[in-house]
Structure formats: structure tokens, C-alpha cells
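# below: sequence and its predicted model.
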Amino acid sequence: MNRIVKGDLVDTGSGRKSSHLAGLASGWGKLLRIEDRIFTEPNLKLYGFGVAWAWALFSGWLLLGGRLRSIDFCWIWVSGNLANSSNPALVYDPIAFTAAQITLLGTNECHFLHFSYPPTVLFFTCLFGLLPYVTAFAVWICATIVLYLVAVYAIIPRPAAVILALTPMAVPVNILFGHNGFLTAGLIGLSLVFMERRPWLAGILFGLLTYKPQFGVLFPLALLASRNWRTLCWATASSVVVSAAAAAAFGYQGWPSFIDLLWHRNSTLSPDGVELELDSIYGLLYWAGISTWLSWTVHLAVAVVVAIAVCAVWAKPIPHSLKAAILCIGALTVTPYVLRYDLCILSIPVAFFVKDGLSRGFLAGERTVIVICIAAFLLWLALLPIGPVIYVVLLFLIARRIFAYQREDLGERIGYAAIDRNVMPPIF
């Protein structure tokens, strides 16, 4: 005969084993109670406000100190300006692109010698090319960060979630560089939110995400595995329409130029031969001095395993929040080209993960580990590509919760509750 002891099915036929498991379960219960006292809404809001204001002051100090012109946003502005010219194809001409930087900025502070994005991104940048540089930068940051926060709020409709979404270090990185991490995170988050209720809208958002194709590899596989034909059809149609519209609006030459640029990237994934700080498995191994061949081999092997795991999860009747979380982490893991500003995408899987915790209770240690992961990004200051380590940790937490869900489902079907909800109240 079995009985429940703090969330575990314990075999009373073995006294020693039962006592050991009961003690272990009691320890987990104590950890849960400690976390419940720490992770309260007032505490989280206080922490969130404090960190967000610190990042705001830090970012403002650096930007107003003269860094505003020499940031990544200059390629967005220059590409938008050229896209509005009489010859948009100049965007993919390295000589013309560099000359445009010097002409439009009055200096060669912007160090991007190539435009390495597909033509679809010009739909986002062309509007900002019409504005003065400083105004365009301010509007870009405000518009993209709002999209990012709207996505987080759509997942967890609570003010505390929005405040906490401003705390990861990827937030000031995006503000300081003026890059597109907020835009990517917002599109991914909203597409996954609408997948169940409005598949047509999710498909359109997936189509817009093709401006960053390295993050979209797993999405069609997940849709196929889950037999979500409506979203897949809308995503395919919108991708084709957006691509054709980009060719019509900015010239068909953009697509061959973009593909040619991809083919001519070297083994470090840099079109300019510059060593990049990549927050991927490949990037971590390359940073550690591992040979390029071995780094690629390990990365591709891990990518295949993660892709199979994501498809397996999406093929099963598992809560959508957990599916969305593992798909987001998987999308970051399988691509070798991930930079620091891209990692605000991590807020999306964490939000889905917390949403599942709010609905079904948290397992011991989950909230503590997430906070440690957020704090670990401070290692960026030492130029350590910590991203892949965080991916592995978050994938472990998601897998643990999926196994707990399956065990709970089994327990309910045989008359037990395999997870004791009484020791796992929500954090808010």
C-alpha cells in the first residue's frame, strides 16, 4: 500500500526507504516554506523597482556621457535611411553601407561593415530612418521595450511580472546598444500566447520573426509535432507574403545579397573575421579555446538532442506553458549565433514557467534557482559567455516540472495527488 508524504508516493513496505524519503520530502517542504516567505509580491516589487532604477540610471549615465552615437542602433538607422533611398539595394553593398555611416553620422563610429539581416527587417527599420538619429533611437527603445513588456504581461497579467521583466541584465544591454532584443522577445512571447486562442495571429507573428531566422528553426518542428496545422499554415503564408513584400518594396537584389553574405561567413560566424562573444554552446567552447571543428561538433550534437526533446514534449498532452518554455529555451540553444542583447528572450520562457507554477504550485528550489540564474548574468562583466550554462539549468527545471506534471496526472488517475499543493502556494 502506498501513501503520500509531502508530495512523494512512499512504499510503506520498506521502513528504511520510507523514513529516508519522508525525511527528504520534509526537507523539500522546509525549503518551500522559506521560499514562500521570501518570494512575496511586496518583496518582488521592491527588488524589481530597485534593480530597474539602477539599470535606468546606469544606462542614462553611459548614453548621456557620449556613447549615443557609437552604438549598435546606428546600423538600424543607416539601413532604414538607405531603404528609403532611390536605391534600397545599397543596404547590402559593404562599401556603400560604410560610406553611408560616415555621411549620415559624420564619423565612422559605427563599426558594422556589412548589413547581415534579411530584407524583411527593413520593414522595421525604414520608419526610423525617416527620423533624426537621437529621436529615432528614443522611439525605437520605447516602442520595442513596450512590445517586450506587453508580451510578458500577456503571459502573466500582473504588475509585478512587468516590473521583474526589467531586472535581467539583458535589459540595460539592449538599451545601451539600441539593438533588437526587445523586438525579438516580444514577437516570440506574443506568438506563443496567441497560439491557442488566435492561431492566425500567432502565425502572422511567427512570419514577422523571420527577420531573425536563426531563432525560428524549432518553431515549425514544434508545430508539426503538435499537429497545430492552422498556426503552421498561417506562419508559412505570412513568411512567404512578408518575404515577397520585402522584395517588392526594397528590391529583389536584397535576397541574393543576404544569402551570399551568409555563405561567406567564416568559422567564427563573423562576416568581418572578428571574434564574436557568442552566448551559445559553440561560442562558449570557442571562447574556452576548443578547436573550431570540435566546437561545431558538440554544438550540433546538443542541438539535435534538444530538437528531439522539444518535439517529443510538443507531441504530448502537456500544459502549453511548459511547451512554450521549453521551445523558447530550445530556440536559444540550437542556434550558434546568440549575442548578449538576444538574451532578454529568456524572460519569455521564465514567464511561462512561472505561470505554470502559479497555476499548479512550485516545486522546491525552483524560484531560488531562477534568481541565481538572473544574478549569474553579472558574469558578463568578466566577458564570460554564461548563456549556455543558464540554458542547461532552465531546461533541467522545465524537465523536472514536466516529470512532476506527468506524475501528478498519474496520481490523480489512481486516486492520489502526487504533488501536495498545500506546500506549494503561489508566489503572488
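Arrived safely, thanks for sending.

# confidence score at Ala307?
As predicted, Ala307 sits at a pLDDT of 96.

# can we start the residue count at 11 from this point?
New numbering, starting at 11: the last item is Ala317.

# quick one: contacts for it?
When contacts are counted by CB atoms under 8 Å, 6 or more residues apart in numbering, Ala317 touches 227-228, 231, 340, 344. In short, each C-beta sits where N, CA and C put it, glycine included.

# I figured Leu141 hits Val149, correct?
Yes. With contact defined as CB atoms under 8 Å, Leu141 reaches Val149; the gap is 6.6 Å.

# tell me which of those two has more neighbours.
Between Leu141 and Val149, counted using other CB atoms under 10 Å, Leu141 has the larger neighbour count: 16 against 13.

# and the helices in the stretch 111-260 of the chain, which stretches?
Assigned by DSSP state H, counting those that start in this stretch, the helices in the stretch 111-260 of the chain fall at 132-135, 143-165, 169-174, 180-187, 191-204, 209-218, 228-235, 239-260.

# identify the residue nearest the geometric centre of this protein.
What sits nearest the mean C-alpha location of the chain, by CA atoms, centre = their mean, is Ile355, with 2.0 Å.

# where's the residue nearest to it when sequence neighbours are not counted relative to Ala409, distance?
Counting by CB to CB, 6 or more residues apart in numbering, Ile355 lies nearest to Ala195, which is 4.6 Å off, once chain neighbours are set aside. To Ala409, Ala195 is 23 Å away according to CB to CB, to the nearest Å.

# and those two? Which one has more around it.
Neighbours were tallied for Ala195 and for Ala409 using other CB under 10 Å; the higher tally belongs to Ala195 (31 against 14).

# what sits against that one?
So Ala195 contacts 158, 161, 354-355, 357-358 (CB under 8 Å, 6+ apart).

# I figured Val131 hits Tyr221, correct?
Yes. If you go by CB under 8 Å, Val131 and Tyr221 touch, sitting 4.1 Å apart.

# give me the neighbour count for Leu41.
16.

# hmm, it is touching Leu373, no?
No. Leu41 is not in contact with Leu373 according to CB under 8 Å; the separation is 9.7 Å.

# tell me where the longest helix sits in the protein.
Across the chain, the longest stretch assigned as helix under DSSP state H is helix 397-423.

# any regions of the stretch 261-410 of the chain where pLDDT drops low?
Within the stretch 261-410 of the chain, the stretches with pLDDT under 70 are 273-286, 391-392.

# and the contacts of stretch 337-346?
With contact meaning CB under 8 Å, 6+ apart, stretch 337-346 is reached by 198, 202, 224-229, 232, 279, 288, 290-293, 306, 309, 312-313, 316-317, 319-320, 324, 348, 352-353, 355-356, 358-359, 362, 397-398, 401, 404-405, 408.

# distance from it to the middle of the chain?
What separates the centre of stretch 337-346 from the centre of its chain is 8 Å, taken as CA atoms, centre = their mean, to the nearest Å.

# how about stretch 100-116?
Stretch 100-116 has its C-alpha centroid displaced from the chain centroid by 31 Å (CA atoms, centre = their mean).

# what mean pLDDT does that stretch get?
78.

# would you mark the buried spots in it?
Residues of stretch 100-116 classed as buried: 100-103, 106-108, 110-111, 114-115 (neighbour count, 16 or more other CB atoms under 10 Å).

# could I get it in CSV with only the CA atoms?
Only the C-alpha atoms of stretch 100-116 are listed here, as CSV (Å, rounded to 0.1, in the frame of the first residue of the first chain):
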residue,chain,number,x,y,z
LEU,A,100,22.8,49.7,-51.3
VAL,A,101,21.9,48.3,-47.9
TYR,A,102,23.8,45.1,-48.9
ASP,A,103,26.7,46.9,-50.5
PRO,A,104,29.5,47.0,-47.9
ILE,A,105,31.3,50.0,-49.4
ALA,A,106,28.0,51.9,-49.7
PHE,A,107,26.9,50.9,-46.3
THR,A,108,30.2,52.1,-44.7
ALA,A,109,30.1,55.3,-46.7
ALA,A,110,26.5,55.9,-45.6
GLN,A,111,27.6,55.6,-42.0
ILE,A,112,30.3,58.2,-42.4
THR,A,113,28.0,60.5,-44.4
LEU,A,114,24.9,60.2,-42.1
LEU,A,115,26.7,60.1,-38.8
GLY,A,116,29.6,62.5,-39.7
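
# residues of stretch 89-101 that come out buried?
Neighbour-count burial for stretch 89-101, counted by 16+ other CB under 10 Å, picks out 89-93, 98-101.

# for stretch 163-177, that is, sorry about that
For stretch 163-177, burial by neighbour count (16+ other CB under 10 Å) applies to 163-166, 168, 170-177.

# among those residues, which pair sits farthest apart?
The distance between the two most remote of the buried residues of stretch 163-177 (CB to CB) is 18.6 Å, for Ala164 and Thr177.

# gap between the longest helix of the chain and the chain center?
Remark: helix 397-423 is offset 18 Å from the chain centroid, using CA atoms, centre = their mean.

# now do it against helix 180-187, angle only.
Relative orientation of helix 397-423 and helix 180-187, computed by axes from the mean of the first three to the mean of the last three CA atoms, to 10 degrees: 140 degrees.
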